[in-house]
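Peer 1: How does the following fold in three dimensions:
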Amino acid sequence: MKTQTLANPLITSENMSSSVMGMDAKGSEMASYYLRDKIYSDKVQAVVREYACNALDEHKKHKIEKAVEIGIRNEGDSSIFFVRDFAKGLSEHDIRNVFGMYFRSTKSGDNEQIGGFGIGSKAAHCYTDTFYIKSYHNGVCTLYACALGGGNSGVPVGHILKVSEDATQETGLEVYLEIKSSSDINNFKQKSIRFVEYCSANIVFEDWSARIEAMKPLSQIEKNGFTFRFFEKSGSVFEPSNFHIKMGNVTYKNCRIDSFLKTPFLKEGIVLCVDVPIGTMSLPISRENFENTASNNRVIGAIEAAVVEAAQEEIKAVKPMSLEELIKDRNNVFVESEHFQSHKRNAYKDIYPFVQGVSVIGSATDFEKFKNKPVCAIIKSRRTLEYWREKFSSFAIKNGKKYYLICSNDLEACDTKKINEIFETRNVKSSIFGLPKTEKSKTNPSMETPFSVSFKERSGNYRNLHLDALGVYNYICSTHDNLASVSNIAQAKQNISEMTFDSLRKLNAFTVKKSNSNSGCTTTVVRGANMHKNLISLGFLDVDSEEYKNKHEQTRQLENEKRNIAQNISNLRKPFLSVDVIDALAKKAERNAKFSIKANCVFDKIRKETSIRGKIMETMHDSGSFYYSKSPRISRKELRTILRLK
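Peer 2: Down below sits the predicted model:
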């Protein structure tokens, strides 16, 4: 890759002495140390990336069709990571200059190859002190060892040692090193496979258990100067991201595509790789990621805009579904193209609430029609939804009919004109259905008529049920351990009239309020005036009544008294008393509330004494242990006195 360097002319006055800024030998050793050991945050990834890229560049340069080999093999008790290309190999002169000199590269003026800093060929030294090079060149296989050692600046320097020469008919170059630990074996394997799988060049990974080649894309398109390659998500390596930006076969940006592509978005199991031409974006010397520059950010922005444009074009090209098709396909909430998908609520904003809310009622084969259009019954309010759904379902089954059914609330955001073009919509109470009207009586509302009631549970959430007055009573009894359900209204009235409210929870359960009331406390909320009257006649209290307010205050005081008595009894459980004594004191306190107060006053008085018994009580009062107490310790003399006691 062409490296961007700037050289400006030097303009000075005459007769000025100058010297060139540079680096001495010791500084060169220190710089080499930092360049090979300190610039990489992921050293295993650096080794895999640098040598795989170098091998691919050699194949491209010499037009080699055979695959580059990268992998792990066993040699004796050691595991070896290797990268092998089959190009022309390197002469000894090239080995010592390419692998031995920093900032000397044959790629610095070429945008057909990745690299250009002369750093990557030494990357193995960021992981290990010694790595090896086999060069198959001009009929000779030469083995070199690249080792760290020596140095006059406190840091080791690299040495290239020629180990052996043998005749060969092969060509190419192999770089290999020993993997230092068993955990690193899996790390090298994962990083290698990830590089190989999404590579657009001919490369293969191989070890003792697997052979993995570069995946073939499902499809490939060109968009705004970028190459989009779509892959099926790999199962061999954990892949947290589904969007990559790659340059020169190296992935430099990984993210979830939905971080910028809100809708539509990639289909599940699809990975998108966007290839950008080498040199389009600048890299730091480590080549681990794109530099955070204004120029690079503009390119990334252009890539993301191209992805959004491609996704929208694909989704728009999908044939629109009719309303009937949407209803039949409502279990699938997405509109899908070849690579992308969009939620139907975005593609069909004007009718999708209808699709989500509509249901099918009845068991007939075909839908009932009126004026050659399917009939859709409409329930006016969610408050009566369950009641009319049950009533209408019984009607449809009894008459062998089949209808669509929806609540009017689900039609509010819809284009009703489009819906009426397809369906014959009628109110669920319409005479077309022949449903009997609900009997109403202003003076004596029916106790058997179900209404919507909300119950506040202990979690704080409300549970909505459709019940009559007796059903409300029995449901509340089911939530209290000491209350039993009844079978008739008369028994429920009698039980409520005889009920003792010993807790606010029980009182609030049998207190009712309307949904539009601002009063708190009660756990039973009704939405209809008739149900409110029914429950009041059953014996429930109204939350806004004086009777409820008085009973609430009485019950609150009773609970406070019980709480205080329980606390006083708990205070009698002193660590210096035996269990039998504590039980006897507790029983007496239960019979006489003032006893526990008097007993605790006596104990507190003794604790304040300077006597031995006072010190013992003070010592044992908080911690229950002499050894962990923060109170003053008992003296030796006092301890001897205690031990002599019988």
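Peer 1: now the host helix or strand of Ile80: how far from the chain's centre is it?
Peer 2: Ile80 is part of strand 78-85, with elements assigned from DSSP states H and E. In terms of C-alpha atoms, centre = their mean, to the nearest Å, the centre of strand 78-85 is found 37 Å from the chain centre.
Peer 1: Which helix or strand lies directly C-terminal to that strand?
Peer 2: Downstream of strand 78-85, the first helix or strand assigned by DSSP H and E is helix 92-98.
Peer 1: Tabulate the CA atom coordinates of that next one in CSV.
Peer 2: Extracted as CSV, the C-alpha positions of helix 92-98 are listed here (Å, rounded to 0.1, in the frame of the first residue of the first chain):
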residue,chain,number,x,y,z
GLU,A,92,19.5,-14.8,1.2
HIS,A,93,20.0,-11.2,0.4
ASP,A,94,16.2,-10.6,0.3
ILE,A,95,15.7,-12.6,3.5
ARG,A,96,18.2,-10.5,5.4
ASN,A,97,16.8,-7.2,4.1
VAL,A,98,13.1,-7.9,4.2
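Peer 1: Check which residues of it are buried.
Peer 2: Across helix 92-98, burial judged by 16 or more other C-beta atoms under 10 Å covers Asp94, Ile95, Val98. The way it works is simple: take the backbone N, C-alpha and C, and place the C-beta from them, glycine included.
Peer 1: Stretch 263-275 now?
Peer 2: For stretch 263-275, by 16+ other C-beta under 10 Å, it's Thr263, Pro264, Phe265, Leu266, Ile270, Val271, Leu272, Cys273, Val274, Asp275.
Peer 1: Can you check the distance spanned by that stretch, start to finish?
Peer 2: One end of stretch 263-275 to the other measures 22 Å (C-alpha to C-alpha, to the nearest Å).
Peer 1: Name the residues that touch that stretch?
Peer 2: For stretch 263-275, the surrounding residues in contact (C-beta atoms under 8 Å, 6 or more residues apart in numbering) are 198, 200, 217-218, 226-234, 239, 241-247, 251, 257-258, 303, 306-307, 311-312, 314-315, 335-337, 339-343, 346.
Peer 1: Could you tell me which of those count as buried?
Peer 2: Among those, those classed as buried by 16+ other C-beta under 10 Å are 198, 200, 217, 226-231, 239, 242-247, 251, 257, 303, 306-307, 311-312, 314-315, 335, 337, 339-342.
Peer 1: So which of these belong to strands?
Peer 2: Among the buried ones among the contacts of stretch 263-275, the ones falling in strands (DSSP state E) are 226-231, 243-247, 251, 335, 340-342.
Peer 1: and of the residues you listed, the nearest to Ile397?
Peer 2: Nearest to Ile397 out of these is Val335 (C-beta to C-beta; 34.4 Å).
Peer 1: out of the ones in strands among the buried ones among the contacts of stretch 263-275, who's nearest Leu143?
Peer 2: Using C-beta to C-beta, these come closest to Leu143 at Thr251, 32.5 Å.
Peer 1: Next SSE downstream of the longest helix anywhere in the chain?
Peer 2: Criterion DSSP state H: the longest helix present in the chain is helix 546-571. Next helix or strand after helix 546-571 toward the C-terminus (DSSP H and E): helix 579-591.
Peer 1: quick one, that next one and helix 546-571 angle?
Peer 2: Orientation check (axes from the mean of the first three to the mean of the last three C-alpha atoms, to 10 degrees): helix 579-591 against helix 546-571 gives 160 degrees.
Peer 1: tell me the domain boundaries of the chain?
Peer 2: 28-212, 215-316, 349-427, 451-556, 572-644 (automatic domain parsing).
Peer 1: chain center to the fourth one, what's the gap?
Peer 2: Right, domain 451-556. On the basis of C-alpha atoms, centre = their mean, domain 451-556 sits 41 Å off its chain's mean C-alpha point.
Peer 1: which of the ones in strands among the buried ones among the contacts of stretch 263-275 sit farthest apart?
Peer 2: Pairwise distances across those (C-beta to C-beta) peak at 33.0 Å, for the pair Met247 and Val335.
Peer 1: Determine which of the domains of the chain approaches Glu325 most closely.
Peer 2: Glu325 sits nearest to domain 349-427 of all the domains of the chain, at 9.9 Å, using C-beta to C-beta.
Peer 1: The closest one: end-to-end distance?
Peer 2: Separation of the first and last residues of domain 349-427 by C-alpha to C-alpha is 24 Å.
Peer 1: for the record, mean pLDDT for it?
Peer 2: The average pLDDT within domain 349-427 is 85.
Peer 1: same question, stretch 191-211
Peer 2: Stretch 191-211 comes out at a mean pLDDT of 91.
Peer 1: neighbouring contacts of it?
Peer 2: Against stretch 191-211 from outside (C-beta under 8 Å, 6+ apart): 44-45, 48-49, 52, 55-56, 59-60, 65-74, 81, 189, 212-215, 229, 231, 234, 236-237, 239, 244, 246, 249-251, 271, 273, 275.
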